[in-house]
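Novice: Kindly generate the corresponding structure for this input.
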Amino acid sequence: MTFILLLVLLLIAAGCALLKWVRTSGFFCCAAGLFFWSVGSGLPAQWLLTDLQAAYANDAPPEWGKRNAIVMLGAGTVQIPDAHQVEAGTLAYARILKTFALYQACRKSGQRCTVIVSGGDAQHHGLFGSGGLWRHIARPGRCGFRAAA
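Specialist: Down below sits the predicted model:
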């Protein structure tokens, strides 16, 4: 889209130059140069992205019931070549931390909490994402997680 707009500005400038409209041609050449500079500097992108990730108000604390399920969606696994292990992908750590925080808040409320970890084996590592994440977060004694039988 940027290239097309730049090309249109330059074609208009060339057309105006062929018609001997020197000032108009100069205007469109300057507009093309200014557009090229602004896109290169990132100003239009910064302006468009200003409110894309606007800060939000505080998270509302969850209202825990007697029995609660916390669902953690998988985020892929990574195979470590030298160790022949499969671990959680880089993008999964934010989800893991949020799951820990929710689980601890639920346990502090004195209610029953269950963590459900989902995921498949899209990368064909031989271990489902849920299994890789579960093995990563449910080490014995960590935050009160325990494996379901």
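
Novice: need the contact list for the residue positioned nearest the centre of the chain.
Specialist: In the chain, the residue lying closest to the centroid (Cα atoms, centre = their mean) is Leu91, at 7.9 Å. By Cβ atoms under 8 Å, 6 or more residues apart in numbering, the contact set of Leu91 is Ala75, Gly76. Placement of C-beta: from N, CA and C, glycine included.

Novice: Please report how far it lies from Phe35.
Specialist: 35 Å (Cβ to Cβ, to the nearest Å).

Novice: Please apply the same query to Cys16.
Specialist: Look at Cys16 and Phe35: by Cβ to Cβ, they are 16 Å apart.

Novice: This structure: strands as residue ranges?
Specialist: Assigned strands in the chain, in chain order: 67-72, 77-80, 85-88, 112-117 (criterion: DSSP state E).

Novice: any idea of the angle the first one forms with strand 112-117?
Specialist: It refers to strand 67-72. 20 degrees (axes from the mean of the first three to the mean of the last three Cα atoms, to 10 degrees).

Novice: List the neighbouring strands of strand 67-72 plus their orientation.
Specialist: strand 112-117 (parallel) (DSSP bridges).

Novice: As PDB, could you dump the C-alpha coordinates of the partner strand?
Specialist: Backbone C-alpha positions of strand 112-117 (Å, rounded to 0.1, in the frame of the first residue of the first chain) are rendered in PDB as follows:
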ATOM      1  CA  ARG A 112     -11.400 -26.100  45.100                       C
ATOM      2  CA  CYS A 113      -9.300 -25.300  42.100                       C
ATOM      3  CA  THR A 114      -8.500 -27.400  39.000                       C
ATOM      4  CA  VAL A 115      -6.100 -26.400  36.300                       C
ATOM      5  CA  ILE A 116      -6.800 -27.600  32.800                       C
ATOM      6  CA  VAL A 117      -3.900 -27.400  30.400                       C
END
